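>>> All I have is the shape, not the residue letters:
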């Protein structure tokens, strides 16, 4: 990954920040993009609203001016709302799909020409809950909008992999399981245990355990891998 220019969305905290830290340590030139970076002036951060086409275009212009190219796009930005099918509001559903799905598609579309010039790649951050459902709970319902959005991200990954292969662009996704992040901070301990117990390794993932898998998909070591959905879940999907 030495000197590869990598853009990571939603990189201010959580899994995005952890992946950014890992790739920086490999020698990549990592640019962290996040809405919370508005007003900051730094070579390695960009303010980005993934729900805005204008913001994506400004991000692309800034990257081209700073580095002249992009080698890897990592679509990590995401949001959720803990509400089930009947209690999810219209605005919440629209907001979650706009961030989690539209943002991924718009990022790929924005940088396709840049990536084609360098035979670059895309790594999308999906979720096991785009493939299976969370354990049902009256205490802490899962987000139907989040789960639907991640299923869409998985399909965008496959479609883009097929359509962009002639341009030399690889597109893959990692599917995190239960990780120690702020997104799960509101779960009661008993609910977190129920989810963790669904994985054969019987523990949540550590933030440091996702970066190496993203690195593999972003590096030339996976040059014959595209359209893949790689679970990083302690065996959760295998057991479900």
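Thanks, I have the structure now. Since the structure is predicted, the reported quantities are computational estimates derived from the model, not experimental observations. Numbers count the residues shown, from 1 in each chain.
>>> switch to C-alpha atoms for all contacts and neighbour counts from now on
OK.
>>> next helix or strand past the helix or strand of the chain with the lowest mean pLDDT?
Counting by mean pLDDT, DSSP states H and E, the chain has its least confident helix or strand at helix 189-196, which shows a mean of 80. Past helix 189-196, heading to the C-terminal end, the next element that is a helix or strand (DSSP states H and E) is helix 211-218.
>>> Can you give me the buried ones in the longest helix along the chain?
Taking residue count as the measure and DSSP state H as the definition, the longest helix of the chain comes out as helix 144-164. Of all the residues in helix 144-164, those buried under the rule 16 or more other C-alpha atoms under 10 Å are 144-158, 160-161, 164.
>>> next one: stretch 233-240
For stretch 233-240, the neighbour count (16+ other C-alpha under 10 Å) marks 233, 234, 236, 237 as buried.
>>> re the thing from before, does anything pack onto the longest helix of the chain? Which helices or strands?
Applying 3 or more C-alpha pairs under 8 Å, 6 or more residues apart in numbering; DSSP states H and E, we find helix 144-164 packed against helix 90-97, strand 121-125, strand 170-176.
>>> related to what we said a few turns ago, state the pair within the buried residues of stretch 233-240 that is farthest apart.
Put simply, by C-alpha to C-alpha the two of the buried residues of stretch 233-240 set farthest apart are 234 and 237, 8.5 Å from each other.
>>> separation between the closest residue to residue 129 other than its chain neighbours and residue 174?
Among residues not flanking residue 129 along the chain, residue 147 sits closest, at 5.3 Å (C-alpha to C-alpha, 6 or more residues apart in numbering). Separation of residue 147 from residue 174 (C-alpha to C-alpha, to the nearest Å): 15 Å.
>>> Need the distance between the two termini of stretch 23-32.
Per C-alpha to C-alpha, stretch 23-32 runs 11 Å from first to last residue.
>>> Point out where this protein drops to low pLDDT.
Low-confidence segments of the chain, defined by pLDDT under 70, are located at 136-141, 183, 185-186.
>>> returning to that earlier point: show me the buried residues of stretch 233-240 that map onto helices.
Judged by DSSP H, helices contain the following of those: 236, 237.
>>> Distance to residue 189 added to the buried residues of stretch 233-240, as TSV?
Formatted as TSV, those follow (distance: C-alpha to C-alpha, whole Å):
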residue	distance to residue 189
233	19
234	19
236	19
237	22
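>>> Good, wrapping up.
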